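1. based on what follows, work out the 3D shape:
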Amino acid sequence: MTSILEKIKKIDDLPTLPAVAMEALSLAHAPNVSISKLSEVIHKDPPLATKMLKMANSSFYKRGDKPVETIQRAITILGLSEIINITSSVSVISTFTSKKGFIWESFWDHCVATAIVARTMARKIRMETQGREFVGGLLHDIGKIVLDYTVRDDFNKALDLSITRDCPLYEAEQEVLGTTHMEVGAFLAERWNLPDYLRDIIRWHHAPEMSQFKPMTALISIADLLAKAKQLSYGGDKLSFVLADQTGWQTLIEHRYPMDELDLERITFEMDSLADTVREYIKSMSE
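-> Presented below is the predicted three-dimensional model:
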């Protein structure tokens, strides 16, 4: 009997990430990338360029009083990594939001929240990420969209089971589907030819100790949990947890990140406004 994952692998019309987004992601981690080169790439997709300028002038990103009128100016003001974050956000969300079904608003709330929390934590523990943590947070659950797109009825059964049993969604997925959103997402990341670190984050964010990029994946794992703690989630993934007991937290300690210096009370306080920040970010993409 063919498994669901094998069936998904044979589907020809799975959503594809725009070529410009893939090229921009590739450029982001290439040596000696020039502002003019990245600007040239973005201009290949006029709707994307227009949306990027709108976001650069949104309340979420705007710096100063002068409007940002060119892509080169946006890159200069916001920086290479932030432009890549915007490119990825706009491209991924626009690729999938035309599809019906699933709890779309909750899904993107969670993914954007995870990205924002990961960025905040990376700064606090002084992790050099070159902006990769934001894209990692944004895409970590992308396999759930593929499951909804390809096997919606069965995926909804897994969602219902996770709520009824109050268990992690990936456990319910494994029982109902014989695969998980991590495995399916990793397949999509490979089909999209995403960078290795993104494939690893998508595949191992629930088991960061297995990742080749352990600190980055551990960071996303913890950010994922903190986003869920603020009810920015869905399914049965609202279980209580102790951060110090999480493998992601332990992995970051093992890699000598100053987790003991984190003021968790302050982080929790700052996260009280997370929902508003997420809404502001998503709104800036839809204006």
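
2. from memory Ala118 sits against Leu226, does it?
-> No. Look at Ala118 against Leu226 with CB atoms under 8 Å: they stay out of range, at 9.1 Å. For the C-beta atoms, the positions are set from N, CA and C on the backbone; glycine is no exception.

3. and Asp65, how many neighbours?
-> Number of residues near Asp65 (other CB atoms under 10 Å) recorded here: 5.

4. looking at Ala118 and Leu226, which one has more neighbours?
-> Just comparing Ala118 and Leu226: by other CB under 10 Å the higher neighbour count belongs to Ala118, 30 against 23.

5. off-centre distance for the helix or strand containing the more buried one?
-> Here Ala118, judged by DSSP states H and E, is contained in helix 104-124. The chain centre lies 7 Å from the centre of helix 104-124; the measure is CA atoms, centre = their mean, to the nearest Å.

6. ok, then the element right after the host helix or strand of Glu23?
-> Taking DSSP H and E as the criterion, Glu23 maps to helix 19-28. Sequence-wise, the next helix or strand downstream of helix 19-28 (DSSP H and E) is helix 35-42.

7. show me what that following helix is in contact with.
-> 20, 23-24, 27, 48-49, 52, 70-72, 75-76, 80, 83, 87 (CB atoms under 8 Å, 6 or more residues apart in numbering).

8. what about the protein, any weak spots by pLDDT?
-> Along the chain, the model assigns pLDDT under 70 to residues 1-2, 28-29, 97-105, 231-240, 268, 286-287.

9. in it, which residue is closest to the centre?
-> Leu138 (1.4 Å; CA atoms, centre = their mean).

10. report the contact partners of the nearest residue to that residue once chain neighbours are set aside.
-> Ranked by CB to CB, 6 or more residues apart in numbering and with sequence neighbours excluded, the top spatial neighbour of Leu138 is Ala115, at 4.5 Å. With contact taken as CB under 8 Å, 6+ apart, Ala115 is in contact with 85, 133-138, 223.

11. separation between Ala115 and Asn156?
-> Taking CB to CB, to the nearest Å as the measure, Ala115 falls 26 Å from Asn156.

12. also Met285?
-> Distance from Met285 to Asn156, by CB to CB: 27 Å.

13. among the two, which residue is more densely surrounded?
-> Met285 (20 against 15).

14. does that one touch Met55 like I think?
-> Yes. Assessed by CB under 8 Å, Met285 is found in contact with Met55 at 6.3 Å.

15. shared neighbours, these two?
-> Any residue near both Met285 and Met55 by CB under 8 Å, 6+ apart counts here, and that gives Val90.

16. got the phi and psi for His140?
-> Taking degrees, to the nearest 10, you get phi -60, psi -30 for the backbone angles of His140.

17. please tell me how far it sits from Leu17.
-> 15 Å.

18. more neighbours: those two, which one.
-> The neighbour comparison of His140 against Leu17 (other CB under 10 Å) goes to His140, with 29 against 21.

19. about what we covered before: who's in contact with the helix holding Glu23?
-> With CB under 8 Å, 6+ apart, helix 19-28 has contacts from 33, 37-38, 41-42, 44-45, 48, 80-81, 83-84, 87-88, 91-92, 130-131, 135, 192-195, 198.
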